[in-house]
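K.L.:
Build me a model:
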Amino acid sequence: MPFKEKYINPFTDFGFKRLFGQENHKEFLIDFLNQLLPEKHQVKNLTYLHSEQNSDTTEDRRAIFDLYCTAENGDRFIVEMQVAHQTFFKERMIYYSTFPIRDQAKKGKWKFELKSVYTVAILDFTLSKKIRPGEVFHLAQLKDQNGDVFYDKLTFIYLEMPNFVKKETELTSNFDKWMFVLKNLTKMRNKPEVLKEIVFGRFLDAAELARFSPEEVWKYEQSLKHYRDMHNVVETAYDDGKAEGIEVGKAVGIKEGIEVGKAVGIKEGIELGKAEGKIENTLQIAAVMKAGGLSVEIIMKVTGLSSEAIEGL
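P.N.:
Numbering: from 1, shown residues only. A predicted model of the protein is given here:
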């Protein structure tokens, strides 16, 4: 299948793991992680670990990570690419973090000293409910009631890619450049001038579709189809929900309109009935007075009716 794009889509499962999950490409993951980590946890080298983890519960629950690796100092990293929003996304990240914590348990005497665990998620959607234009990087740690960090060795980092809107001329750091590459890789035709670092040149070479073997092209096609299907499902659900919301809104509006109309009609009817009742009662009084031989002038003063109305009785 001929591709319109020059470079692979890094948001596909195949594309992400090919670029960041292979031993010969780990320099990309190291450089990428170092843009997210504090100085004391900078990675010099890392080792890929088995990405499938089994729970010791009777249900044998599993966790399958996109990437799972450890640095030379023992720090653990889970790196995930998330295409669509999930209801319990945060719970899933917390559950995932328990596996690299348990992995550090030692037999025999052990003082429970743990290495740092980082769970990194690259999101192709916006997770935050609050609107923060341009805010891409989010870091979360356990804190106490005063807002002080309670435990600094468990860190959750997630990147909201839709919020990254910087143009090529606005890139000022390697973090910006990585965000720009991930966000715009499929739109690139050539290497942007601003990406002068060697790591980006090698990254673009690794992402070039023309360098793929026929087997790799086939795997990428399947992964790309799944990615597009996922996006279509999400967009269809959004459109359906929007249409359903409009119809429900119309129905509710019509129902409320009818109820309001009834209430207004009843109120006006009561008022009108009262007014008509008063007029009828006044005419009856005037008729009795006229029959009793009282003059029109006196009846007018007592009832407030016009002389024509009294004459017509």
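K.L.:
C-alpha only now, for contacts and for neighbours.
P.N.:
OK.
K.L.:
what residues are up against residue 80?
P.N.:
Applying CA atoms under 8 Å, 6 or more residues apart in numbering, one finds that residue 80 lies in contact with 65-67, 119-122.
K.L.:
Am I right that it sits in a strand?
P.N.:
Yes - the assignment for residue 80 by DSSP: H, G, I helix; E, B strand; the rest coil puts it in a strand.
K.L.:
Report the beta-bridge partners for it.
P.N.:
Beta-bridge partners recorded for residue 80 (DSSP bridges): residue 121.
K.L.:
From the chain's centroid, how far away is the longest strand along the chain?
P.N.:
Taking DSSP state E as the criterion, the chain has its longest strand at strand 149-160. Here strand 149-160 is found 19 Å from its chain centre; the criterion is CA atoms, centre = their mean, to the nearest Å.
K.L.:
Could you count how many residues lie near the nearest residue to residue 34 once chain neighbours are set aside?
P.N.:
Leaving aside its sequence neighbours, residue 34 sits nearest to residue 42 (CA to CA, 6 or more residues apart in numbering; 5.4 Å). Residue neighbour count, defined by other CA atoms under 10 Å, stands at 16 for residue 42.
K.L.:
Show the model's pLDDT score for residue 42.
P.N.:
On pLDDT, residue 42 comes in at 93.
K.L.:
counting contacts, what elements does the helix or strand where residue 28 lies pack onto?
P.N.:
Residue 28 belongs to helix 26-34 when assigned by DSSP states H and E. On a contact count with 3 or more CA pairs under 8 Å, 6 or more residues apart in numbering; DSSP states H and E, helix 26-34 meets helix 13-20, helix 198-207.
K.L.:
Hmm, residue 52 is touching residue 65, no?
P.N.:
Yes - the pair residue 52 / residue 65 is scored as a contact, 6.4 Å apart, by CA atoms under 8 Å.
K.L.:
Pick out whichever of those two has more residues nearby.
P.N.:
Neighbour tally, residue 52 and residue 65, criterion other CA under 10 Å: the higher count belongs to residue 65, 15 against 12.
K.L.:
Identify the residues contacting the more buried one.
P.N.:
51-52, 78-80, 96.
K.L.:
cool, residue 11 as well?
P.N.:
Contacts for residue 11 (CA under 8 Å, 6+ apart) come out as 81-83, 124, 227.
K.L.:
Against residue 309, how distant is it?
P.N.:
87 Å (CA to CA, to the nearest Å).
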